[in-house]
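# Can you look at this prediction? I've put the sequence above it.
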Amino acid sequence: MKKIIAAFAFVLSTGVAFGQTVQTVPQNWHLLDQQTDGVYGISIEKAYQELLQNKQPEPVLVAVIDSGIDTLHEDLRSVLWRNRLETAGGSLDPDKNGYAGDIYGWNFLGADTPDKNVTKDSYESERIYFKYKDKFEGVTSEKQVKRKDRNLYQVWLNSKAHATEVSEAGKEVEMMYSLLDVLPRVDAFFTTLIQKDTYTVQDLDSLKADDPRVEQGKMIYGLVFDRVKPGATNKELPMLLQHYTDSLKTNLQAPLTPPADYRGMVVEDNYSSLKDRYYGNNNVMAGDPSHGTHVAGIIGAARGNGLGVDGVASAVKIMMIRAVPDGDEHDKDIALAIRYAVDNGAKIINMSFGKSFSPEREWVEDAIKYAEKNDVLIVRAAGNESKDIDVEPYFPNPLSIKGNKKAPNMITVGANGPTERTLVAPFSNYGKDIVDVFAPGDNIYSTVPGGNQYAPFSGTSMASPVVAGLAAVIKSYYPHLSATQIKDIIESSVTKITEPVINPGTGERVAMSELSRTGGIVNAYEAIKLAGTLQ
């Protein structure tokens with residue numbers, strides 16, 4: 001519901017008049033060209049037609065650390081990595097990598113047997129809050145805490161606040177404050193349509209229009225009326241909603257019950273030791289693999305086969321590493337997933353996930369450095385909370401714990417929409433220093449589980465694989481280029497956005513350079529042209 005509220009407010013803020021025809025956006029808009037096709041895609045189709053004809057690419061292995069994948073999908077079967085040295089099932093490990101039966105990749109969220117796997121999980125903030133609750137609960141001042149524990153105490157306080165925010169009551173408060181923010185624009189919208197300064201929900205119910213904004217707005221207003229005072233008028237709503245929301249916030253409290261140890265009950269490793277690394281199973285289809293299947297399709301769904309969708313990359317093999325549950329991922333699983341990808345030959349890793357806390361951050365940071373030493377590029381999503389991640393960190397973070405040095409082999413990606421009116425996706429995180437580029441991430445059509453199913457998803461989770469796919473294209477046609485060179489090429493060749501865009505967090509119009517380091521959207525055509533000059 002919060003996304004609907006944000007999207008509705010975003011559309012209103014673009015100034016689209018009621019009754020105005022909304023631009024029709026092609027299903028594969030993220031692959032298209034702004035000048036030729038009128039959408040802010042990455043121009044990869046133009047690049048294939050004009051720059052890559054009659055050139056022979058070398059296959060590139062891309063690891064997707066995600067929720068899993070449908071290995072039977074019609075548009076993915078031919079592009080899946082297959083570890084030919086392994087045999088399906090059994091205890092043998094022909095390639096001696098420690099992961100027996102890893103045909104398509106590995107599942108770090110499983111028991112020794114493929115039929116027992118982690119699906120649901122908790123938030124990291126909850127795990128931290130309850131882990132240190134006995135240690136810090138009675139503290140009323142930082143002065144009571146030993147100096148060596150003060151950073152941990154601050155993390156615990158932040159985790160308590162976050163755990164409170166993401167509780168059911170906290171989500172209700174957040175949604176109500178989101179409603180308060182958009183209420184003036186919603187009211188102005190409906191005042192114009194109804195042609196009355198004062199109206200009730202009954203007036204809205206009688207309003208009929210062939211415009212999705214009308215239905216979204218009616219849904220939003222219905223939520224408000226239901227919660228504060230049935231029969232109230234639009235003039236009363238702001239005050240009533242403010243009182244209601246403030247009351248909810250006043251009564252918020254941190255969770256009382258620790259989250260279940262979903263992972264521990266299944267995996268049964270020694271979580272505190274990275275040396276205990278050979279756990280899990282080979283079932284990369286466990287749980288709900290929708291997210292990972294969609295991400296994989298964006299990168300490399302078979303091109304030109306007349307089915308479903310075309311991936312960004314034409315010469316790619318997809319390795320799936322299942323490490324992301326329905327909840328916050330665990331740092332150990334991510335660190336080992338990165339190392340598994342590197343050790344098994346991946347040159348690009350896509351990471352469409354993230355969280356607000358990272359208690360074992362150094363494990364992940366060391367794995368990122370390991371990837372750097374082995375010339376592996378990591379592409380990661382910026383997140384979908386409409387937040388400035390320069391201010392509110394989102395992990396895995398490219399910054400090192402000591403010295404805040406940025407990982408030279410990591411690209412952080414925000415999400416853009418197809419048209420000038422929706423150029424920055426309203427859900428996208430941003431950051432003038434941390435976010436490197438924006439890429440298409442709104443309403444991206446790709447593969448989903450079911451063998452022959454496809455659907456549109458939105459998120460920076462979709463923008464990241466667009467960039468990972470582009471990186472794979474560059475590497476496949478110019479294999480001599482290093483990970484850092486490919487990163488520089490992608491960043492140096494963006495389409496600079498010179499007109500003001502809407503800041504997803506504040507609703508204000510700002511320069512694109514205030515939301516990302518490059519101030520632009522990735523451009524495959526220009527990137528491939530630039531790569532061709534670096535012979």
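Okay, I see it. Note that the structure is predicted; figures quoted are calculated from it, not measured.
# Compute the number of surrounding residues for residue 374.
If you count neighbours by other CB atoms under 10 Å, residue 374 ends up with 16. All C-beta atoms are positioned from the backbone trio N, CA, C, and that covers glycine.
# Which helix or strand contains the nearest residue to it once chain neighbours are set aside?
With sequence-adjacent residues excluded and distances taken as CB to CB, 6 or more residues apart in numbering, residue 374 is closest to residue 342, at 4.9 Å. Assigned by DSSP states H and E, residue 342 falls within helix 331-343.
# Then residue 240?
helix 237-250.
# Equivalent analysis for residue 499, please.
Applying DSSP H and E, one finds residue 499 in no helix or strand.
# out of everything not next to it in sequence, what's closest to it?
Closest residue to residue 499 in three dimensions, ignoring its sequence neighbours and counting by CB to CB, 6+ apart: residue 420, at 7.2 Å.
# Pull the number of nearby residues for the one you found.
Residue 420 - counted by other CB under 10 Å - has 15 other residues nearby.
# What distance do you get for it to residue 467?
Per CB to CB, to the nearest Å, residue 420 is found 21 Å from residue 467.
# Same question for residue 300.
13 Å.
# which ones are touching the spatially most central residue of the chain?
Nearest residue to the geometric centre of the chain (CA atoms, centre = their mean): residue 461, 3.1 Å. Taking CB atoms under 8 Å, 6 or more residues apart in numbering, we find residue 461 in contact with 291, 294-295, 352-353, 381, 384, 441.
# Closest to residue 311 out of these?
residue 295 (10.6 Å; CB to CB).
# quick one on the thing from earlier: close enough to count as contact, the residue nearest to residue 499 and residue 497?
No: Residue 420 sits out of contact with residue 497 when judged by CB atoms under 8 Å, with a separation of 9.2 Å.
# Of all the residues in the helix holding residue 240, which ones are buried?
237, 240-241, 244-245, 248-249 (16 or more other CB atoms under 10 Å).
# Report all helices and strands that that helix contacts.
If you count contacts as 3 or more CB pairs under 8 Å, 6 or more residues apart in numbering; DSSP states H and E, helix 237-250 packs onto helix 168-194, helix 212-228.
# Nearest to residue 75 among those would be which one?
Proximity to residue 75 (CB to CB) singles out helix 212-228 among the helices and strands packed on helix 237-250, at 29.1 Å.
# neighbours around residue 207, how many?
14.
# cool, and residue 375?
15.
# and the residue lying closest to it once chain neighbours are set aside, what does it touch?
Spatial nearest neighbour of residue 375, chain neighbours left out: residue 483 (5.0 Å); criterion: CB to CB, 6+ apart. Taking CB under 8 Å, 6+ apart, we find residue 483 in contact with 347-348, 371-372, 375-377, 409.
# what angle do the host helix or strand of residue 321 and helix 331-343 make?
For residue 321, the host element (DSSP H and E) is strand 316-322. Orientation check (axes from the mean of the first three to the mean of the last three CA atoms, to 10 degrees): strand 316-322 against helix 331-343 gives 150 degrees.
# model confidence over strand 316-322, on average?
Mean pLDDT, strand 316-322: 98.
# for stretch 361-378, same thing?
Over the span of stretch 361-378, the pLDDT mean works out to 98.
# try stretch 141-151
Stretch 141-151 carries an average pLDDT of 93.
# Just the endpoints, please. Distance across it?
Terminal residues of stretch 141-151 are spaced 13 Å apart (CA to CA, to the nearest Å).
# Any buried residues in that stretch, and which?
residue 145.
# Run the chain-centre distance for it.
Centroid separation for stretch 141-151 versus its chain: 35 Å, with CA atoms, centre = their mean, to the nearest Å.
# what number of residues lie near the residue nearest to residue 74 when sequence neighbours are not counted?
Among residues not flanking residue 74 along the chain, residue 452 sits closest, at 4.9 Å (CB to CB, 6+ apart). Look at residue 452: counted by other CB under 10 Å, it has 13 neighbours.
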